[in-house]
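**Q** I'd like to go over a predicted model; first the sequence, then the structure.
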Amino acid sequence: MTRVFFCLIVGLFDHMMCTYYVPNACRPGDVYPTPGFAPSCQYLCISGGYVEQRHYAEGTFCFVTYSNDEEAVRYLGYCQYGSCLPANLEPSGNLPHQWDGRYHVCDDKRSVHTVRNCTYICVKQEKPYLPRQYYYGIYTDTKCMLQGGEVGYCRSGFCYGMEY
């Protein structure tokens, strides 16, 4: 009787559990699977048994770091045609939505060293089997590098000259 019950359960539920969940399946609409920023605008997925490289949906928020530093943000941006493009100020002077408070999840930090950018990326992961979530944080009261090689000061996530 136990053997029959076991075979019945496996026969009924095995198909649902093993066939319908493919963790690396291509996503409908190529939507990034978590809140926060995408570390790249492209991803590998499985479709019809084949591996494909796909682009995340246009407008997905993303970030680019400096090549030798995984935390220091070069810029926050948006995905377009598989590339992360920088998000500029709106014509009204407002910050783009990448700077909204819901993405500022990381704690503010201070550093005794001069930083390249007053913004950094942190990783959150609620459970080990869930995808990583990327958010930004800012440096406060920290020296930073201005474009001309001069030293500035971090205020509200941006590097300003010492005269401010």
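**A** Cool, got the structure.
**Q** tally of neighbours for the closest residue to K109 other than its chain neighbours?
**A** Among residues not flanking K109 along the chain, Y139 sits closest, at 5.4 Å (CB to CB, 6 or more residues apart in numbering). In this view, the C-beta of every residue, glycine as well, is placed from N, C-alpha and C. Y139 is flanked by 22 other residues according to other CB atoms under 10 Å.
**Q** look up how far G148 lies from Y139.
**A** Y139 sits 19 Å away from G148, going by CB to CB, to the nearest Å.
**Q** with E126 instead?
**A** From E126 to G148 the distance is 42 Å (CB to CB).
**Q** of these two, who's got more company?
**A** Taking neighbours as other CB under 10 Å, E126 and G148 compare with E126 leading, 10 against 7.
**Q** just checking, T140 touches D108?
**A** Yes. Applying CB atoms under 8 Å, one finds T140 in contact with D108, separated by 5.0 Å.
**Q** now the nearest residue to V151 once chain neighbours are set aside: how far from V115?
**A** Among residues not flanking V151 along the chain, K143 sits closest, at 5.3 Å (CB to CB, 6+ apart). K143 sits 7 Å away from V115, going by CB to CB.
**Q** again, but for E150
**A** 14 Å.
**Q** who's more crowded, those two?
**A** Between E150 and V115, counted using other CB under 10 Å, V115 has the larger neighbour count: 20 against 11.
**Q** contact partners for the residue lying closest to that one once chain neighbours are set aside?
**A** Of all residues not flanking V115 in the chain, C144 sits nearest, at 5.1 Å (CB to CB, 6+ apart). The contact partners of C144, by CB atoms under 8 Å, 6 or more residues apart in numbering, come to T114, V115, R116, N117, C118, V151, G152, Y153, C154, C159.
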